[in-house]
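**Q** Would you be able to build a 3D model of this:
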Amino acid sequence: MNPRPEQRLMLVTGLSGAGKSTALNVLEDLGWEVVDNLPLALLDALIGAPVKPGDAGRPVAVGIDSRSRGFKPALLVRRIKELREAGGRDIQTLFLDCAGTELERRFSETRRRHPLAEDRPAADGIAREREMMEPLRRWAEHVIDTTNYSSNDLQQEMRQRFAEGGDTAPVLTVLSFGFARGLPRNADLVFDMRYLRNPHWDKALRPRTGLDDAVAAYVAADPAYEATVGQIEALLLALLPRYRAEGKSYVTIAFGCTGGRHRSVHVAERVAKTLRSAGHAPTVSHRNLDSSPQDGLEGSPPPTSRAANGRQE
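**A** This next block holds a predicted model:
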């Protein structure tokens, strides 16, 4: 079967413990279709498999190493040559290398056995695998030596080399919530808005939400509002490019107030608008917007509210 001309294929291989799993995870995050430990006999079947309409042109990364069934580096190099000569396929090879002493340290720390030295010291398996892999290392267009790399360093290197059109922005979510109903589980940054005056204790504003102009004006009138929210926005605008550079896939920014209906909702909307103006594309979610207002959750009203209403609301 003729290979599909529109699809890029990369073989990801290298020494055990050098970071192949990390490299494949990054490629998957970048939108590649990833297959790990594919038996070599199935490589042609993968290349010739029909593509779903939405996946046309999606690059494919195939993880192959000494654990793969039928693994013979010299035969693999020969097969890559044949596929290239057949034309219509951009085939590349990424080889992950690492110094033996560092690989020994990694296997010792993780207490894993080397796949080629189940009953012998890891150093024996590392030496045997390095000799076996030499034809692939010489052939590979991309060689990354991870000896001095942390997992995060390797992730950044992969993104710089293989991200289409540069690095990829994280999926950004701005969330409002009520502390009385629990903290959000997946928030990366949490800001507490309970220092701002609470619209719940204004009878006219209580049934409304932070999406209403009257509630927004009430919250914004707090003397501390502009300075503090402005500083939060400046902090986020400084942090988000760093998260992107670090390769973070998801960033959730959560704003909380007591009930999650007024202050946090308004601030989340304002911050999202600021982020959009700076070129970001946040999704806004209001977790507790539809919850009913309850005095018992809000605690006691401030003295000014009691004086204005003549009783405790």
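**Q** Quick check, pLDDT for the most centrally placed residue in the chain.
**A** For the chain, the residue nearest the mean C-alpha position is Ser249 (1.9 Å; Cα atoms, centre = their mean). What the model reports as pLDDT for Ser249 is 76.
**Q** Next: the one 10 residues further on.
**A** For Gly259, the model assigns a pLDDT of 93.
**Q** got it, and the one 3 residues further on?
**A** Looking at His262, its pLDDT is 96.
**Q** my read: it touches Thr209, true?
**A** Yes. Between His262 and Thr209 there is a contact under Cβ atoms under 8 Å: 6.4 Å. (C-beta placed from N, C-alpha, C; glycine too.)
**Q** residue contacts, the residue nearest to the centre of the chain?
**A** By Cβ atoms under 8 Å, 6 or more residues apart in numbering, the contact set of Ser249 is Asp29, Pro170, Val171.
**Q** Could you give the backbone dihedrals for it?
**A** Dihedral pair for Ser249: phi -80, psi -30, per degrees, to the nearest 10.
**Q** do Pro170 as well
**A** The phi and psi values for Pro170, taken as degrees, to the nearest 10, are phi -70, psi 160.
**Q** so who does it touch?
**A** Counting by Cβ under 8 Å, 6+ apart, Pro170 has contacts Leu240, Tyr243, Arg244, Lys248, Ser249, Tyr250, Val251.
**Q** For the residues you listed, which two are the farthest from each other?
**A** Among those, the pair separated by the greatest distance (Cβ to Cβ) is Leu240 and Ser249, at 13.2 Å.
**Q** Sticking with Thr93, tell me its helix or strand.
**A** Using DSSP states H and E, Thr93 maps to strand 90-97.
**Q** Can you tell me the strand partners of that strand and which way each runs?
**A** Paired strands of strand 90-97, with direction, are strand 8-14 (parallel), strand 142-145 (parallel) (DSSP bridges).
**Q** which residues sit against the helix or strand that comes right after the longest one?
**A** Spelled out, it's strand 8-14. Next helix or strand after strand 8-14 toward the C-terminus (DSSP H and E): helix 20-29. With Cβ under 8 Å, 6+ apart as the test, helix 20-29 has contacts from 10, 12-14, 34, 36, 59, 61, 63, 65, 94, 96, 144, 151, 154-155, 158-159, 162, 168, 247, 249.
**Q** so where's the stretch 1-150 of the chain uncertain?
**A** Applying pLDDT under 70 to the stretch 1-150 of the chain picks out residues 1-7, 47-57, 87-90.
**Q** related to what we said a few turns ago, buried subset of the contacts of helix 20-29, written for ChimeraX?
**A** In ChimeraX, a selection of the buried entries from the contacts of helix 20-29 looks like this (16 or more other Cβ atoms under 10 Å):
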select :10,12,13,14,34,36,59,61,63,65,94,96,144,154,155,158,159,162,168,247
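**Q** where do the contact lists of His262 and Thr209 overlap?
**A** Shared contacts of His262 and Thr209, counting by Cβ under 8 Å, 6+ apart, come down to Val215.
**Q** The two: which has the busier surroundings?
**A** In terms of neighbours (other Cβ atoms under 10 Å), His262 is the more surrounded of His262 and Thr209; the figures are 33 against 21.
**Q** Spell out the secondary structure type for Arg113.
**A** Secondary structure for Arg113, judged by DSSP: H, G, I helix; E, B strand; the rest coil, is coil.
**Q** which residues touch it?
**A** Phe107, Ala122.
**Q** Point out where the stretch 151-300 of the chain drops to low pLDDT.
**A** For the stretch 151-300 of the chain, the ranges with pLDDT under 70 are 165-168, 295-300.
**Q** ok so, going back, so which of the strands paired with strand 90-97 gets nearest Leu136?
**A** Nearest to Leu136, of all the strands paired with strand 90-97, is strand 8-14, at 5.6 Å by Cβ to Cβ.
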